[in-house]
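A.B. asks: output the structure for:
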Amino acid sequence: MSWGVEGEIRKRFNVLNRLTWRKAAGKHKGADKAALRGYFPQTECIIFAEQINEPADSSAPAGYRQKCDEAAREVFGKYITQVREQHSLTKIDLTAAVGAYGNVNHGGACSNWEKGYSIPTPLYYERLQEVFPHCFKRHYSELKSE
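C.D. replies: Below you'll find the predicted structure:
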């Protein structure tokens, strides 16, 4: 049974380790083996696994996901800055469009996107495209893959 369970887990997670221990005491010691249709389990397993975001992650070198995130923040930041300046929009205009004000400055999320601290969510980006259809012409997935 543990082999099947581990197989299913491997479809969604990167299995790091599997521990199996043999139980010295338990029901298997006192069971009437002739009356059973199968043997009582004498072992138990624990499977240690980590989440995989994409199939490539399991074989990717250490730090790969971090570098991808940094690249995405740079691409989005440059694009949003370019579009904003090209169409004479302010950071406040963009932040007001998505309603993502910051606690300290009114540039809020837009300021963070341009500085490369974060990227807009697909929902925020769609909102920018709705409010400024003539400005944000590139698709979210296109920017993300770049």
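
A.B. asks: so where do the helices sit in this structure?
C.D. replies: For the chain, the helices defined by DSSP state H cover 2-12, 27-30, 64-86, 91-98, 108-115, 122-131, 140-145.

A.B. asks: quick one: which of those helices is nearest I47?
C.D. replies: Nearest of the helices of the chain to I47, taken as CB to CB: helix 2-12 at 5.6 Å. (C-beta placed from N, C-alpha, C; glycine too.)

A.B. asks: give me the helices and strands touching the closest one, please.
C.D. replies: Other elements packing on helix 2-12 under the criterion 3 or more CB pairs under 8 Å, 6 or more residues apart in numbering; DSSP states H and E are strand 13-22, strand 43-51.

A.B. asks: give me the contact list for that helix.
C.D. replies: V15, R18, T20, C45, I47, A49, Q51, I52 (CB atoms under 8 Å, 6 or more residues apart in numbering).

A.B. asks: burial of F136, as a residue count?
C.D. replies: Other residues near F136 come to 24 when the count uses other CB atoms under 10 Å.

A.B. asks: rewinding a little: among the helices of the chain, where is the model least confident on average?
C.D. replies: Ranked on mean pLDDT, the bottom entry among the helices of the chain is helix 27-30, at a mean of 60.

A.B. asks: dump the helices and strands packed on helix 2-12 into a markdown table; add distance to Q129 as well.
C.D. replies: Putting the helices and strands packed on helix 2-12 into a markdown table (distance: least, CB to CB, whole Å) gives the following:
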| stretch | distance to Q129 |
| --- | --- |
| strand 13-22 | 35 |
| strand 43-51 | 30 |
